[in-house]
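> The following comprises the amino acid sequence and a computationally predicted model.
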Amino acid sequence: MSTAARPLVARRPAGPLTGRIAVPGDKSISHRALMFGALAVGETRITGLLEGEDVLRTAAAMRALGAEVTHDPDGTWRVAGRGVGGLTEPADVLDMGNSGTAARLLCGILASHDLFAVMTGDASLRGRPMRRVIDPLTGCGASFTARDGGRLPLAVQGAKDALPLDYRVPVPSAQVKSAVLLCGLNAPGITRVEEPEATRDHSENMLRHFGATVQVTLVGTGRVIQLHGQPELIAADVVVPGDPSSAAFPLVAALLVPGSRVTITGVGLNPLRTGLLATLAEMGADLRIENQRTEGGEPVGDVVATHGPLKAITVPPQRAPSMIDEYPILAVAAAGAEGITRMRGLKELRVKESDRLAATAAMLDANGVRVEIEGDDLIVHGMPGGIPGGATVTTHMDHRLAMSALIFGLAAEAPVAVDDAAFIDTSFPGFTALMDRMGARLTPT
Ligand code: S3P
């Protein structure tokens, strides 16, 4: 994003947070709906698509690769796909903005198309590691040239006749798994991916939804996924649920601001995404799930969060993949909890939109909360009697850090400012207005 910085301040509201709200569509599912739609034959209709900056970059990239992507006034998006292997060479550089998911998944698609493409992103994305997808994808016959350390911009010459991959993902990453599967769509035979720990399975679910054959075998805590290559993907309608990673912000706000009760409707409850809900429940949070149902092949429900005391726990490392994006806001909840919360095994947080491990610790520290990083663990000393606040948080182009700091400000004794709230639009357009409607006080500095 090239917009000017938008500083914002959060103050403790005069009363409780209340209301029945819906959060924007799931970011992971939105990217995939556009990509699979572009690789299918026929017209895919998507409702509830997240119209945030990250996803709009994916839409633009699919257009640049030859798919037709339009949206109706009622919010329905339509993708006229080109079929597996049918995308065409883009005439210009593909700019994926702030989005690691868009960039890495797109690498998978490009690797098995016989075309040349160049990809870049904003300063945050240009600092993030791409080697984790370049290394496996090179095995299909594609050649990548990237900056030092495997950083963007990169250039790719996709394989003419791609080979199927057999890859064990060394880090728990749904992006890497998905990049390999997307590459495998245009390779003959079986593409096999092994993940030592199960990560979000939206790609697998959506591949099946579009007609591909995917077998998943559970192996210990991990999974082996086998995709039968070169299927004919058939356009299918996709209903995108509310993003549980976005719901996390108003939810934790309701838990921390006295007297609050908030219902968030239509939240995606895929079991590989609900680690935060499990963790908060263990901390004693008053959370209820109502109206559980299945929409578009994904479990969905309404989450009711009511203010009450929280107690510290140790969050095991195995839970990290199911709540990897939620640690900054969990750290805010931990700051208001009784006792010392230890979040274990957060290595992957260092390579998100920012070094989220360091940035989350810095956010709490600047606002008067005692915090330590020990190895890959984050330790937060809760202050149930009142979290101080009073600082301006540097957000490092990271939307989730900005939202976490603002929620902190709603619960703190002194206002908390963020240097730049502009990046919130990457995942949660309308965040400020929605929080204000619940009774929050977010104002420009
Ligand atoms: C995502 C996977 C996760 C997550 C990101 C979205 C996805 O990244 O942090 O926000 O849609 O596959 P990693 O695969 O790097 O863990």
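That came through, no problem.
> Where does the prediction get shaky in this structure?
1-3 (pLDDT under 70).
> Kindly check the end-to-end length of stretch 209-220 for me.
End-to-end distance for stretch 209-220, by C-alpha to C-alpha, to the nearest Å: 26 Å.
> To which secondary structure element is the closest residue to Ala333 other than its chain neighbours assigned?
Distances taken as C-beta to C-beta, 6 or more residues apart in numbering place Val252 nearest to Ala333, at 4.9 Å, with adjacent residues excluded. Any C-beta I mention is one placed from the backbone N, CA and C, and that applies to glycine too. Per DSSP states H and E, Val252 falls inside helix 244-256.
> From the contact counts, what lies against that helix?
Packed against helix 244-256, as judged by 3 or more C-beta pairs under 8 Å, 6 or more residues apart in numbering; DSSP states H and E, are the following elements: strand 261-268, helix 275-282, strand 298-306, helix 327-335, helix 399-411, helix 431-438.
> and it, anywhere near the ligand?
No: Helix 244-256 is not in contact with the ligand by C-beta under 6 Å from any ligand atom; minimum separation 7.0 Å.
> and the angle for that helix with helix 399-411?
Relative orientation of helix 244-256 and helix 399-411, computed by axes from the mean of the first three to the mean of the last three C-alpha atoms, to 10 degrees: 10 degrees.
> Which residue ranges of the stretch 1-150 of the chain form helices?
Assigned by DSSP state H, counting those that start in this stretch, the stretch 1-150 of the chain shows helices spanning 27-38, 53-64, 100-111, 123-126, 131-138.
> Flag every buried residue along stretch 341-359.
341-346, 348-349, 351-357, 359 (16 or more other C-beta atoms under 10 Å).
> Now intersect these with the strands, please.
Thr341, Arg342, Met343 (DSSP state E).
> Can you pull the residues of the stretch 101-250 of the chain lying near the ligand?
Counting by C-beta under 6 Å from any ligand atom, the stretch 101-250 of the chain sits next to the ligand at Thr101, Ser173, Ala174, Gln175, Ser178, Arg200.
> OK, contacts around the fourth one?
It stands for Gln175. Shown in contact with Gln175 (C-beta atoms under 8 Å, 6 or more residues apart in numbering): Gly100, Thr101, Arg104, Leu105, Arg132, Val133.
> now it, what's its secondary structure?
helix (DSSP: H, G, I helix; E, B strand; the rest coil).
> For it, give its distance to Ser28.
Look at Gln175 and Ser28: by C-beta to C-beta, to the nearest Å, they are 9 Å apart.
> repeat for the first one
Counting by C-beta to C-beta, the separation of Thr101 from Ser28 is 7 Å.
> do the same with the last one
The gap separating Arg200 from Ser28 is 6 Å, by C-beta to C-beta.
> out of those two, which sits in the more crowded spot?
Ser28 (27 against 23; other C-beta atoms under 10 Å).
> isn't that one right up against Asn205?
No: counting by C-beta atoms under 8 Å, Ser28 does not reach Asn205; the two are 10.7 Å apart.
> Put together JSON lines for the helices of the stretch 1-150 of the chain, with distance to Thr18 on each row.
Formatted as JSON lines, those follow (distance: least, C-beta to C-beta, whole Å):
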{"stretch": "helix 27-38", "distance to Thr18": "26"}
{"stretch": "helix 53-64", "distance to Thr18": "29"}
{"stretch": "helix 100-111", "distance to Thr18": "33"}
{"stretch": "helix 123-126", "distance to Thr18": "35"}
{"stretch": "helix 131-138", "distance to Thr18": "43"}
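> thinking again about what came up before, looking at the helices and strands packed on helix 244-256, which is closest to the ligand?
Of all those, helix 399-411 sits nearest to the ligand, with 8.5 Å by C-beta to the nearest ligand atom.
> buried set for the helix or strand following that closest one?
Next in sequence after helix 399-411, counting helices and strands by DSSP H and E, comes strand 412-414. Applying a neighbour-count criterion of 16+ other C-beta under 10 Å, one finds Ala412 buried in strand 412-414.
> what's the following helix or strand after strand 412-414?
That would be, after strand 412-414 and using DSSP H and E, strand 416-418.
> give me the residue from the stretch 1-150 of the chain nearest the ligand.
For the stretch 1-150 of the chain, C-beta to the nearest ligand atom, closest residue to the ligand: Ser28, 3.2 Å.
> what sits against that residue?
Counted by C-beta under 8 Å, 6+ apart, Ser28 has contacts Thr101, Ala174, Arg200, His202, Asp243.
> What of Tyr167?
Taking C-beta under 8 Å, 6+ apart as the test, what Tyr167 contacts is Pro136, Gly139, Val180, Arg192, Val193, Glu194.
> One more pass at 6 Å, please.
Contacts for Tyr167 were tallied using C-beta atoms under 6 Å, 6 or more residues apart in numbering; they are Pro136, Val180, Val193.
> what do you get for Met435?
Met435 neighbours (C-beta under 6 Å, 6+ apart): Leu442.
> Give me the distance between it and Asp286.
20 Å.
> His31 now?
33 Å.
> Those two: which has the busier surroundings?
Taking other C-beta under 10 Å, His31 and Asp286 do not tie; His31 has more neighbours (28 against 16).
> For the contacts of Ser28, work out which two are farthest apart.
Ala174 and Asp243 (14.3 Å; C-beta to C-beta).
> The residue nearest to Leu272 when sequence neighbours are not counted and Pro316: what is the separation?
Spatial nearest neighbour of Leu272, excluding adjacent residues (C-beta to C-beta, 6+ apart): Arg200 at 4.7 Å. Applying C-beta to C-beta, the value for Arg200 to Pro316 is 18 Å.
> who touches Gly259 in this structure?
Pro16, His307.
> Give me the phi and psi for it.
phi 80, psi 0 (degrees, to the nearest 10).
> Distance of it relative to Pro13?
10 Å.
> likewise Gln226?
51 Å.
> Settle it for me: which of these two has more neighbours?
A direct count of neighbours by other C-beta under 10 Å for Gln226 and Pro13 places Pro13 higher, at 21 against 18.
> Double-check that one against Arg441; I have them as touching.
Yes: judged on C-beta atoms under 6 Å, Pro13 makes contact with Arg441 at a distance of 5.2 Å.
> wait, what's in contact with Val26?
If you look again at residue 26, you'll see it is Asp, not Val. Counted by C-beta under 6 Å, 6+ apart, Asp26 has contacts Val240, Pro241, Asp243, Gly268.
> ok, and the closest non-adjacent residue to it?
Nearest to Asp26 is Asp243, by C-beta to C-beta, 6+ apart, at 4.2 Å.
> Pull the contacting residues for the one you found.
Val23, Asp26, Lys27.
> which non-adjacent residue is nearest Asp325?
Closest to Asp325 by C-beta to C-beta, 6+ apart is Ser245, at 4.5 Å.
> and the gap between that neighbour and Asp237?
From Ser245 to Asp237 the distance is 23 Å (C-beta to C-beta).
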